[in-house]
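Colleague: Here is the input, now give the coordinates:
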Amino acid sequence: MADLGSDSPDVRIGSIYALQRIMQDSKRDQPAVVSVLSAYVRTHAPQPKKGEQGPQQPPDDVSVALATLVTRNTHYDGTAMMDLHDAYLANMDLHDLDLHHAVLIDASLRGTNLTYANLSGADLLGADLTDAKLDDANMTNASLDKANLHGASLDKTNLHGASLRKASLYGATLVDIDLRTDMFLFFDTSLAGASLISVNLHGAYLRGIDLHGAFLADQDLSGLDLSGANLSGARLEHVKLRSTDLTDANLSGANLLGADLTGAFLVDTNLEGAENANLTGAIR
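Modeller: Residues are numbered from 1 along each chain as shown. So this is what the prediction gives:
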């Protein structure tokens with residue numbers, strides 16, 4: 001393990017492979033190896049200093065250490081866990097890899113490819129997932145509280161049981177996601193500027209949610225409680241809002257072309273500057 005501190009990247013990579021062999025040959029040593037390699041990644045892939053840009057790709061030794069961690073048999077981890085908090089893992093290709101229960105608190109995963117990755121139970125508190133690709137990823141029971149998901153892609157992402165409190169999904173794209181059994185997934189979450197396509201929000205807690213400038217065209221929001229929600233400037237073309245509670249909601253500047261507001265509750269709703277609104281059958 002002393003060679004991990006060598007000035008030569010090649011020597012360090014050789015040491016990482018040696019640790020991999022130890023982990024494969026001696027299951028009782030695996031927890032120690034996991035801890036050592038996790039610390040190695042954190043040390044050799046630190047966050048850039050304020051005002052500086054990080055590398056486009058992590059160095060080769062970091063990639064090798066990370067590959068060793070994500071391909072291990074986690075059955076022999078004991079109490080050890082892959083702890084990569086504060087690590088700079090931007091723009092990496094981590095698709096289809098096993099990161100379940102990984103500690104990624106405040107880690108940078110900007111632009112990282114995580115399609116089909118297993119992030120179930122992962123701790124991503126405060127992580128930077130700007131422009132990350134999370135399509136078809138398994139994020140069941142993951143903690144994404146205070147995470148930055150600006151511009152992220154979430155197509156068919158499994159978010160069952162996940163937590164997104166105070167997370168920001170500005171400009172993110174969510175496609176074909178079913179939230180019927182995840183009532184509090186978006187509690188205290190910002191979806192301003194997000195695009196929601198074929199997302200089933202029925203049963204979700206949306207009272208007071210921030211959907212400013214969001215794209216919700218053709219969504220079925222019938223019967224939902226959107227009281228106090230911020231939908232200003234939202235794209236609501238052909239949205240079904242039948243019997244939806246929009247009490248105290250802000251729809252100023254929203255585009256309501258073809259929206260069905262039959263039976264919708266519009267008490268104290270701000271419709272200033274709303275475009276193409278047909279309020280026939282709405283309750284005001």
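Colleague: neighbours around the residue nearest to residue 206 when sequence neighbours are not counted, how many?
Modeller: Leaving out its chain neighbours, the residue that sits closest to residue 206 by Cβ to Cβ, 6 or more residues apart in numbering is residue 226, at 5.5 Å. Every C-beta, even on glycine, is put in place using the N, C-alpha and C of the backbone. By the measure other Cβ atoms under 10 Å, the count of residues near residue 226 is 25.
Colleague: Check what pLDDT residue 226 gets.
Modeller: pLDDT recorded at residue 226 is 97.
Colleague: Who are the contact partners of it?
Modeller: With contacts defined as Cβ atoms under 8 Å, 6 or more residues apart in numbering, residue 226 is in contact with 206-207, 209, 244-246, 249.
Colleague: Next, residue 233: secondary structure please.
Modeller: coil (DSSP: H, G, I helix; E, B strand; the rest coil).
Colleague: on that earlier part again, filter the contacts of residue 226 down to the buried ones.
Modeller: Neighbour counting by 16 or more other Cβ atoms under 10 Å classes 206-207, 209, 244-246, 249 among these as buried.
Colleague: any idea which of the residues you listed is the one closest to residue 67?
Modeller: residue 209 (39.2 Å; Cβ to Cβ).
Colleague: Identify the residue spatially nearest to the closest one, adjacent ones excluded.
Modeller: residue 229 (5.0 Å).
Colleague: okay but that neighbour is in contact with residue 250, surely?
Modeller: Yes: under the criterion of Cβ atoms under 8 Å, residue 229 makes contact with residue 250 at 7.3 Å.
Colleague: Name the residue in those two with the higher neighbour count.
Modeller: residue 229 (26 against 22).
Colleague: can you give me the strands in the stretch 151-284 of the chain?
Modeller: Listed in chain order, the strands of the stretch 151-284 of the chain (DSSP state E, counting those that start in this stretch) span 153-155, 173-175, 195-197.
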